[in-house]
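Enquirer: Below are the sequence and a predicted model for it; my questions follow.
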Amino acid sequence: MSIEHESGHPTQPAPAPATAHTTTPAQKSADHSRRAFLFKISLLLNGAVGAVLAVPILGYLLGPAFKRDKDYKSWISLGPMTDFPEGETRLVDYRNPVTTAADGETGNVPCWVRHIHGHKFQVFAINCAHLNCPVRWFPQSRLFMCPCHGGAYYEDGSRASGPPERGLFEYQYSIVDGKLMINAGQMPTLSNRACTQKPLIQIEPTTSIRDQEKTWPA
């Protein structure tokens, strides 16, 4: 629609000014490709970080499942038989075969070795059968004593008194070329072996209290 000017001549309307930020289809396509690329990069970075964090966690959780079966069936030497005099009980440390160098000192496991006579031994786990406190051997009384809750065991590992319901756990052993070997890959538990429980014996007086009262002076 034309507009008449004051002079009488018709004039055409002025064209609308072009916007300064008009985007073309090519620019839109480029922006979309850039955003998609950055999104993929962020996904890759997040995945790499997640993998780095997940490796030690999965190794800790699934590591025991991938241990070689022969490690659990390993036989460890505790030393020559001459290191264990007959009639004595000694404390010995061995290196658990299922541990790694990163485990440090925690891979060393103590145990009690009792040499009965000849080729006959007993090798006890140091842990009390009650709550796993380390027991101590007292040669004077010939008893294993638990310092935590007062559990006591005879020298053959069977229960003597206190809260433990069973005897000390015992390793399987063998003598090979004069050396004492134990099956150390798997810790002794109820699933494999424990000492035979010895029943408690109640000591009865030889004479009754009434008989003693008769003999006491008035």
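Expert: That came in fine, so what should we check first? Numbering: from 1, shown residues only.
Enquirer: Could you pull up the mean pLDDT of the helix ranked longest in the chain?
Expert: Taking DSSP state H as the criterion, the chain has its longest helix at helix 25-62. The pLDDT scores in helix 25-62 average 77.
Enquirer: Pull out the buried positions in it.
Expert: Along helix 25-62, not one residue counts as buried under the neighbour rule (16 or more other C-beta atoms under 10 Å). Heads up, the C-betas are built off the backbone N, CA and C, glycines and all.
Enquirer: can you tell me how far G167 sits from Y154?
Expert: 8 Å (C-beta to C-beta, to the nearest Å).
Enquirer: got the contact list for F84?
Expert: 90, 113, 115, 121, 180 (C-beta atoms under 8 Å, 6 or more residues apart in numbering).
Enquirer: Give me the contact list for the strand or helix carrying the last one.
Expert: Applying DSSP states H and E as the criterion places L180 in strand 179-183. Contacts of strand 179-183 from elsewhere in the structure, counted by C-beta under 8 Å, 6+ apart, are 73-81, 83-84, 94, 111, 113, 121, 123, 171-175.
Enquirer: Of these, keep whichever come out buried.
Expert: So, by 16+ other C-beta under 10 Å, the buried ones in these are 74, 76, 78, 81, 84, 94, 111, 113, 121, 123, 171, 173.
Enquirer: can you redo those residues as TSV with distance to R159, pLDDT and secondary structure?
Expert: Listed next are the buried ones among the contacts of strand 179-183 as TSV, based on distance: C-beta to C-beta, whole Å; pLDDT from 0 to 100; DSSP: H, G, I helix; E, B strand; the rest coil:
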residue	distance to R159	pLDDT	secondary structure
S74	29	78	coil
I76	27	88	strand
L78	25	93	strand
M81	28	93	helix
F84	24	95	coil
Y94	25	90	strand
C111	18	94	strand
V113	20	96	strand
F121	20	95	strand
V123	18	94	strand
Y171	18	90	coil
Y173	21	91	strand
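Enquirer: Thanks a lot, see you next time.
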